[in-house]
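> Sequence unavailable; structure follows:
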């Protein structure tokens, strides 16, 4: 995605912050879905989601460097993507009992 229309931040390597934020929201979406609708094997689901999102970030990074001429491969992007996923992973793992109680309160 061209980044010309994104607000300019006075932070060096600001695109890494964008990657982190994007993967935090992507991870929040997936982990929330599995908490609410797929609670049977929660630990396994969390591990699979985290692994899948990290692999997805790597695949996207590789594909953008091979399929486009205006994007490049960057290990720091992969690290930022993975960090966003892992932040949400650990937040959900540390608050698992609270999230299960919330799920039961929602009666989903």
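Nice, I can see it. Just so it is clear, the model here is predicted, and its values are computed rather than measured.
> okay, now residue 104: neighbour count?
As a burial measure, residue 104 scores 10 neighbours (other C-beta atoms under 10 Å). (C-beta placed from N, C-alpha, C; glycine too.)
> With residue 50 instead?
For residue 50, the count of nearby residues is 21 (other C-beta under 10 Å).
> Could you check which helix or strand contains it?
helix 42-67 (DSSP states H and E).
> and that helix, how far out from the chain's middle?
Put simply, helix 42-67 sits 9 Å off its chain's centre (C-alpha atoms, centre = their mean, to the nearest Å).
> helices and strands of this protein: which one bottoms out on pLDDT?
Least confident element among the helices and strands of the chain, by mean pLDDT, DSSP states H and E: helix 96-106 (a mean of 77).
> how about stretch 88-107: buried residues?
If you call a residue buried by 16 or more other C-beta atoms under 10 Å, then stretch 88-107 has these buried ones: 88-89, 92, 99.
> Can you list the low-confidence ranges for the protein?
Residues of the chain meeting the criterion pLDDT under 70: 1-4, 6-12, 39-43, 107-108.
> Excluding covalently adjacent residues, which one is nearest to the residue most central in space within the chain?
Among the residues of the chain, the one closest to the centroid is residue 23, at 2.9 Å (C-alpha atoms, centre = their mean). Setting aside the residues directly before and after it, residue 23 is nearest to residue 84 in space (C-beta to C-beta, 6 or more residues apart in numbering), at 2.9 Å.
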